[in-house]
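Engineer: coords please:
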Amino acid sequence: MITSARRILYIAGDPVVARSFQGKLQKAGYLVDLTCDGAEGCALLGQHAYDLVALDQNLPLVGSLPILQQMANRSIVPPIIMIKAHPDIEAVSDAMRLGAGNVQLDGESVQFLQSLPVILARNGALHNGELHDGELHDRAHNQEQTLEELRQHNRNLTLLNRVAQLLTSTLDIKEVITQLVQTMSEMIDVEGSSVWLLNESESDGLVCAAIYAQGQRVTTAPLHLPIGQGIAGWVAEHGVSTIVPNVVQDQRFSSTVDRSIGFNTHSLLAVPLRTPHKTVGVLELVNKRRGSFQENDRVLAETLAASAAVAIENARLLQTLRQNRDELQARNEELDAYAHTVAHDLKNPLTMIIGFADLLRDNFDSLPPDNIQMFLNTIVEHGMKMSSIIDALLRLAGVRGIDQVQLEAVDMGDVLSETLKRIKHMLQEHNAEIIYPDTWPLAKGFGPWLEEVWYNYLSNGLKYGGTPPKLTVGATVQADGMLRFWVKDNGPGIKIDDPVALFTPARMPDSERRRKGHGLGLSIVQRIVRRLGGSVGAESKPGQGSTFYFDLPAATADDPLEDSKIQYGANP
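Structural biologist: Numbers count the residues shown, from 1 in each chain. Below is the predicted model of the structure:
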């Protein structure tokens, strides 16, 4: 309560709000005269000595500025506070030019009314007599500060609107992230920022999509954070923003990024990138240059983050659609190629079977026993060839049908041992020799599938190598850390203009493909190795033999190693 009553004139635009205004200040010990008519307010100002005038921006019949103009023409005018619902820099400037000592934004009426006594005390509005020089200086300073805050508010609103339009007009995730961090750095003025995105499966946590320091993008090795770890992980887990004034005192803080780029984080603001349905990532703003992070910074960041999250989600959906379209197109092309390959591969043996069966049916009684035996052997041989082609198709269908396999540390020695058992009869038939090392580097893969890769490479080497075939098998560590496994034969070699064509039946002439036998089998090899995260290739020169290889990632200490008996005990 104040010691002696001060009198306030409130020229109100809304009678309901005016009565709340009156009741609130009367409880605080003020005398309040109300009017909703500007002319009546000016008349009351001439009849009574008021310590303060509160003036709504929106008045019935006439606006607030004409009333201010009339008051400005008087010789003695008490301090004036103008009450506005929305920031408008031009209107505020005009109001202050005409004598409004300050402008208060109404926003929500209840909150405004609760803060009225504080507003009055802060502005030094209730004084008897003339204002001293120091008070005049403070009043001018407050006016300029209010104008600057409103100018900055309007700049932020304009920038938010412009960037929101940009975000909705692009479907490129990198562009969305760039616009997001550049805008927030400009609005809040921070030393650094980072954007973390949740992996689609959400099982691998957050991946750092971009880091900016001093306005420049920083390139680092891939950075990951489990959900719940670090402040970004905490925000992703709980879906709420947080302001950390001092990261040293916050147990959630992780110095992973600081260590990787040589940065020193003192304070930060982290907000979730959240769509109406889920959180897709986190935006972190680091080390505000002027002052500390405030609630209005959080509101600005959340406003833009909401638009960015929707843009990121839309870009991801489009990316997924494009990937599905490309994969579907590739599969359709593969199916056409496989159908073409199978038609030719099955046609020749089936023609032979039908031809010799016709001869036996029509001439069985007149054929010599040796010819009958030869015809039957030919029928069985080509029947087995057809069965082998069908088995290859079934294996290919198995590779295509499994969405995911558990990649493990694979001992290629065990895989090769099982493969050699499968081709034992071919080794004897061709009197072949295979040279291979005693030890192998551990690769990341899936044993049953890799056995099919070795089977195709070795069987092709035995069929089309030298006479007798001599195959050398080995492994080499590549410069990029990948492991290359290879089979080199002693055959005549072939001219390879495009190694990719060897593994794609549709690209190789039928006669060449059938002659060399690199058709459906190598297509299976390529699909298997790609599914395991590797690649395939071939090298050959006429007269110098051929080398077929496949590259796989090296296994790490964390990769599980299956029991070889379980892993390779049976053919797929």
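Engineer: In terms of helix, strand or coil, where does the residue lying farthest from the centre of the chain fall?
Structural biologist: Taking CA atoms, centre = their mean, the residue of the chain most remote from its mean C-alpha position is S366, at 76.4 Å. Under DSSP: H, G, I helix; E, B strand; the rest coil, S366 falls in the coil class.
Engineer: do you know how far it is from H238?
Structural biologist: According to CB to CB, to the nearest Å, S366 and H238 sit 90 Å apart. Placement of C-beta: from N, CA and C, glycine included.
Engineer: Just read off the phi/psi values of G215.
Structural biologist: Dihedral angles of G215 (phi, psi; degrees, to the nearest 10) stand at phi 80, psi 0.
Engineer: I'd guessed it sits against S185; true?
Structural biologist: Yes - using CB atoms under 8 Å, G215 makes contact with S185 at a distance of 6.4 Å.
Engineer: Comparing these two, which shows the higher neighbour count?
Structural biologist: S185 (19 against 13; other CB atoms under 10 Å).
Engineer: Thought V176 was touching A311, still the case?
Structural biologist: Yes - using CB under 8 Å, A311 makes contact with V176 at a distance of 4.6 Å.
Engineer: which strands and helices sit next to the helix or strand containing F21?
Structural biologist: Using DSSP states H and E, F21 falls within helix 15-27. Packing partners of helix 15-27 (3 or more CB pairs under 8 Å, 6 or more residues apart in numbering; DSSP states H and E): strand 7-11, strand 31-35, helix 109-114, helix 116-123.
Engineer: Can you flag the weakest of those by average pLDDT?
Structural biologist: Sorting those by mean pLDDT places helix 109-114 lowest, at a mean of 47.
Engineer: For the helix or strand containing E452, name the packing helices and strands.
Structural biologist: In this structure, E452 sits in helix 447-464 according to DSSP H and E. Packing partners of helix 447-464 (3+ CB pairs under 8 Å, 6+ apart): strand 408-410, helix 412-422, helix 424-430, strand 470-477, strand 483-488, helix 520-531, strand 546-552, helix 564-568.
Engineer: what angle sits between the longest one and strand 483-488?
Structural biologist: Between the axis of helix 520-531 and that of strand 483-488 there is an angle of 170 degrees, by axes from the mean of the first three to the mean of the last three CA atoms, to 10 degrees.
Engineer: Next SSE downstream of helix 520-531?
Structural biologist: Counting by DSSP H and E, what follows helix 520-531 is strand 535-540.
Engineer: just checking, G533 touches P553?
Structural biologist: Yes - using CB under 8 Å, G533 is in contact with P553, at 5.6 Å.
Engineer: end-to-end on stretch 210-219?
Structural biologist: 8 Å (CA to CA, to the nearest Å).
Engineer: Looking at the helices and strands packed on helix 447-464, spot the one closest to H277.
Structural biologist: In terms of CB to CB, the element of the helices and strands packed on helix 447-464 nearest to H277 is helix 520-531, at 31.4 Å.
Engineer: Quick one: end-to-end distance for stretch 460-468.
Structural biologist: 14 Å.
Engineer: Spell out, range by range, the helices that occur in the stretch 251-400 of the chain.
Structural biologist: 256-261, 295-363, 369-401 (DSSP state H, counting those that start in this stretch).
Engineer: average model confidence for the last one?
Structural biologist: Yep, that's helix 369-401 we're talking about. 77.
Engineer: what helices or strands is that helix leaning on?
Structural biologist: Helix 369-401 packs on helix 295-363, helix 520-531, going by 3+ CB pairs under 8 Å, 6+ apart.
Engineer: how distant is stretch 432-446 from the center of its chain?
Structural biologist: Relative to the chain's own centre, stretch 432-446 is displaced by 38 Å; criterion: CA atoms, centre = their mean, to the nearest Å.
Engineer: what does stretch 537-552 give?
Structural biologist: 39 Å.
Engineer: mind checking how far A209 is from V176?
Structural biologist: Taking CB to CB, one finds A209 at 10 Å from V176.
Engineer: who's more crowded, the two?
Structural biologist: Set A209 next to V176 and count neighbours by other CB under 10 Å: V176 wins out with 26 against 18.
Engineer: My guess is the more buried one contacts I312. True?
Structural biologist: Yes - contact between V176 and I312 holds when scored by CB under 8 Å: they sit 5.5 Å apart.
Engineer: Quick check: neighbours shared by the two?
Structural biologist: Both V176 and I312 lack any common contact, where contact means CB atoms under 8 Å, 6 or more residues apart in numbering.
Engineer: so who does the closest residue to W454 other than its chain neighbours touch?
Structural biologist: Excluding its sequence neighbours, the residue lying closest to W454 (CB to CB, 6 or more residues apart in numbering) is T419, at 4.2 Å. By CB under 8 Å, 6+ apart, T419 lies in contact with 451, 454-455, 458.
Engineer: try A301
Structural biologist: A301 neighbours (CB under 8 Å, 6+ apart): 184, 188, 241, 269, 271, 283, 285.
Engineer: Look up the pLDDT of the second one for me, please.
Structural biologist: On the pLDDT scale, I188 is placed at 80.
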